[in-house]
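1. what's the 3D shape of this:
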Amino acid sequence: MSDSNSKKPDIHPENTSDTHNKTDSNLPNETVQVDDSAKPQPEKKTTSETKTDVSLVCDDHVVHKEPAPDPTSKRGYQIMLVLGLILAFVLAMAYQTLFGHSEQPAGDLVVEEGQSYYGFLPQFQRDVPMFSASLAKLYIKTTVKEQLHAGTYEVPENASLMQLMQSFKQGQKMDMVKVQIIEGKRASDLYQVLASKEDISLEVLNEDGKPKQNLKQLLEIDAYTPEGEFVDNLEGWFTPNTYLYAPGTTDKQILTDLYNKQQQALNEAWENRDPDLPYKTPYEALIMASIIEKETSVPSEREPVSAVFVNRLNQGMRLQTDPTIIYGMGDRYDGDIRRKDINEKTAYNTYQIDGLPPTPIALPSKASIEAAMHPADSDALYFVATGTGGHKFSKTLAEHNRAVQDYLKVMREKKNSESSN
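-> Numbers count the residues shown, from 1 in each chain. The predicted structure is shown next:
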């Protein structure tokens, strides 16, 4: 049982806090000092801690990454690099073209008639790395106004293109020796021309213009000639033209040069010849070219004349061409062909022998060589001079005989006209 006067405990918790906060009324009336350090202080944050870490509050990864490089600027740099390399290459090529040194020895350079500045570029292409023929031609075309003249020019050793052009600009060093051989002339005529030139040194020819023995071996050329009596007959193997050579040039040098030109012309024509021609070798085509050269001096008639002879060979007919009679007669020819000359059987008389003569009968031009390889499309088997220039071509013997009578009539009228004057 409990005492009724005892105090009951306070069952309200909130009253407990108030009790603790009240000042004891029994204590003296003093000011109570409160220690602030004992109170909980709010935490101070440093400056770095006060900054917000964007990466923790933002899901956009673009915000906190380095910006990507501009692909356009990179591509522009690459283009500039390529253009720079191209420019450097072109400049290097231009320098080599103008100033690169050839392997040309110092001395006299002979320029032949008809030769151009461009003719010297292949040597620079062989000798000079990065040499550009296109740039060289552009330079010559834009800077050189004078035509290149035949003559002898003094050039320095290992001359560059610029040095060579300067040598040409300074002019010829000396007079040249002119060697002229007309199409249709014989090799013996060429020998005589060379022997008559005082400024040409004779090595393979005698002073009378006769070749020394074993001429082909002395010239060191591989020209084809028949075995036996014609082995040293180089008829047809020299290109007729007008040439200029430096004083002191040897007959061997000149003949070798003309042989090389003819050999090249024959080989090129042979490679491009028409099909079904009656020639077994290039030499046979050279023989035909010499006959064409002697039969006509009219350029437009070369192919028709060639067609007549090709047609006759294909049909097994004899060529029956007068120039072969004349060549076979040699020094006995006095300007006229008589009946006994036609009937005389020589190695060359195509009225008496089948097929082609054993060697050419003259020095054919390049045009006649081409005509031998490309005869006209014609069925003609005959031709005769008209007496007024050119020839009359016929398919049948009857037509040919009438053309012969017409020719004889024209010649009689000319003779009568001359005698009356």
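
2. Just the buried positions in the one helix or strand Pro304 maps to, please.
-> Element membership for Pro304 (DSSP states H and E) is helix 302-314. Of the residues in helix 302-314, those scored as buried under the neighbour-count criterion (16 or more other C-beta atoms under 10 Å) are Arg302, Glu303, Pro304, Val305, Ser306, Ala307, Val308, Phe309, Val310, Asn311, Arg312, Leu313. Quick note: C-beta positions are derived from backbone N, CA and C, even for glycine.

3. what's that helix in contact with?
-> Taking contacts as C-beta atoms under 8 Å, 6 or more residues apart in numbering, the residues outside helix 302-314 that touch it are 277-278, 288, 291-292, 295-296, 318-321, 355-356, 367-368, 370-372, 374-383, 391, 393.

4. Please pick the buried ones from those.
-> 277-278, 288, 291-292, 295-296, 319, 321, 356, 367-368, 370-372, 374-376, 378, 380-383, 391, 393.

5. and stretch 317-329, average pLDDT?
-> When pLDDT is averaged along stretch 317-329, the result is 96.

6. Check stretch 99-106 too.
-> Mean predicted confidence for stretch 99-106 is 88.

7. C-alpha coordinates for the helix or strand hosting Ile254, PDB please?
-> Per DSSP H and E, Ile254 falls inside helix 251-271. This file holds the C-alpha atoms of helix 251-271, laid out as PDB (Å, rounded to 0.1, in the frame of the first residue of the first chain):
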ATOM      1  CA  ASP A 251      85.000   9.000-145.500                       C
ATOM      2  CA  LYS A 252      84.500   6.100-143.200                       C
ATOM      3  CA  GLN A 253      82.500   8.200-140.700                       C
ATOM      4  CA  ILE A 254      80.300   9.600-143.500                       C
ATOM      5  CA  LEU A 255      79.700   6.300-145.200                       C
ATOM      6  CA  THR A 256      78.900   4.600-141.900                       C
ATOM      7  CA  ASP A 257      76.500   7.400-141.000                       C
ATOM      8  CA  LEU A 258      74.700   7.100-144.400                       C
ATOM      9  CA  TYR A 259      74.500   3.300-144.100                       C
ATOM     10  CA  ASN A 260      73.000   3.500-140.600                       C
ATOM     11  CA  LYS A 261      70.300   5.900-141.900                       C
ATOM     12  CA  GLN A 262      69.400   3.600-144.800                       C
ATOM     13  CA  GLN A 263      69.400   0.500-142.500                       C
ATOM     14  CA  GLN A 264      67.000   2.200-140.100                       C
ATOM     15  CA  ALA A 265      64.700   3.400-142.900                       C
ATOM     16  CA  LEU A 266      64.600  -0.100-144.500                       C
ATOM     17  CA  ASN A 267      64.000  -1.900-141.200                       C
ATOM     18  CA  GLU A 268      61.100   0.400-140.200                       C
ATOM     19  CA  ALA A 269      59.500   0.000-143.600                       C
ATOM     20  CA  TRP A 270      59.900  -3.700-143.600                       C
ATOM     21  CA  GLU A 271      58.200  -4.000-140.200                       C
END
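
8. And the contacts of it?
-> Contacts with helix 251-271, where a contact means C-beta under 8 Å, 6+ apart, come from 179, 181, 190, 194-195, 200-205, 218-221, 223, 234, 236-239, 243, 245, 282, 285-286, 366, 369-370, 372-373.

9. still on that earlier bit, just how off-centre is the helix holding Pro304 within its chain?
-> For helix 302-314, the distance from its own C-alpha centre to the chain's C-alpha centre is 34 Å (C-alpha atoms, centre = their mean, to the nearest Å).

10. same deal with stretch 237-257?
-> Relative to its chain's centre, stretch 237-257 lies at 25 Å (C-alpha atoms, centre = their mean).

11. repeat for stretch 352-370
-> Centroid separation between stretch 352-370 and its chain, computed with C-alpha atoms, centre = their mean, is 31 Å.

12. buried set for it?
-> Burial within stretch 352-370, assessed by neighbour count using 16+ other C-beta under 10 Å, is assigned to 352-353, 356-370.

13. follow-up on the earlier one: show me what the helix or strand that the helix holding Pro304 is followed by is packed against.
-> Next helix or strand after helix 302-314 toward the C-terminus (DSSP H and E): helix 322-329. Using 3 or more C-beta pairs under 8 Å, 6 or more residues apart in numbering; DSSP states H and E as the contact test, the elements touching helix 322-329 are helix 282-295, helix 339-343.

14. Pick the most deeply packed of those.
-> Here the criterion is mean neighbour count by mean count of other C-beta atoms under 10 Å, and of those the winner is helix 282-295, at a mean of 24.
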